[in-house]
Every structure is written in structure tokens, then in C-alpha cells.
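S.K.: Test case, fold it:
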Amino acid sequence: MDEYNRIKVNLLFPLFDNDGQPFDEGVWDWWRSELTKIVVGFTDMGVVSGWWQGHSDLNRWIVIVASKDAPLDQIREFLHAARLRFRQEKMYLDYHPVFFEEVG
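M.R.: Have a look, this model is predicted:
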């Protein structure tokens, strides 16, 4: 393979607000509905702990393997809306080219 054929997107979503309260199911229902409008599937890698500006937190780690022309602008718009729902100053977005193969 000479050229990447997909991009891999990593997203992090906090489990608790800045006061330590868990987000209710309504937030997660909205989150799932909006994310699946943009991508056909994703992998929830589970809960990971992180450190940000002197604070430890727990996050859901989401991985998406998407086409080379993935709708990154739509993902950014979703994250802008999620930032408000999750009451965050910023949301994490990491993406990079990958070589993807389905082995049968």
C-alpha cells in the first residue's frame, strides 16, 4: 500500500461534569443519536482516565475508522454541540491517516 485508505478518529467524552456529577441518560441518548447521524459505526473503547490542567477525570474513548473523505466538519460541529451538553470548555478531536484492511 502506497497511500492511506482511511482516517482514524479518536474522541473523548467526560463521564462526569466539573462538579463530579454523572451525565444523565438524556445526554448519552442525544450523544448516540447525533454521532450515528454522522458515522455508521464506532468503537467504544471503554473508560479511560486522563489528566487535564491539574485535574484527573474519566472519559469514554471513542474510535472511528472512516473513509479518507470523512465528514470531519460534521464531527467538529457535533463536538461544538457536545461541548455545551457536557459543559466543557474544549472537546478532544484526534485524527490521522491509517491503512485499514478487513481480513476474512
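
S.K.: which stretches of the protein have low pLDDT?
M.R.: By pLDDT under 70, the low-scoring segments of the chain are 1.

S.K.: what about the strands in it?
M.R.: Under the criterion DSSP state E, the chain contains strands at 6-14, 43-52, 55-67, 92-98.

S.K.: Please enumerate residues in contact with stretch 49-62?
M.R.: 10-16, 35, 42-48, 92 (C-beta atoms under 8 Å, 6 or more residues apart in numbering). Yep, even glycine has a C-beta here, placed from its N, CA and C like the rest.

S.K.: what does stretch 5-18 give?
M.R.: With contact meaning C-beta under 8 Å, 6+ apart, stretch 5-18 is reached by 22-23, 31, 47-48, 50, 57-68, 70, 72, 75, 79, 82, 86-88, 91-100.

S.K.: Same question for that stretch: list its buried residues.
M.R.: Under the neighbour-count criterion of 16 or more other C-beta atoms under 10 Å, stretch 5-18 has 6-9, 11-14 buried.

S.K.: Out of the contacts of stretch 49-62, the closest to V27 would be?
M.R.: Closest approach between the contacts of stretch 49-62 and V27, by C-beta to C-beta: F13, at 9.3 Å.

S.K.: which residues does that closest one form a beta bridge with?
M.R.: Beta-bridge partners of F13, counted by DSSP bridges, are R60.
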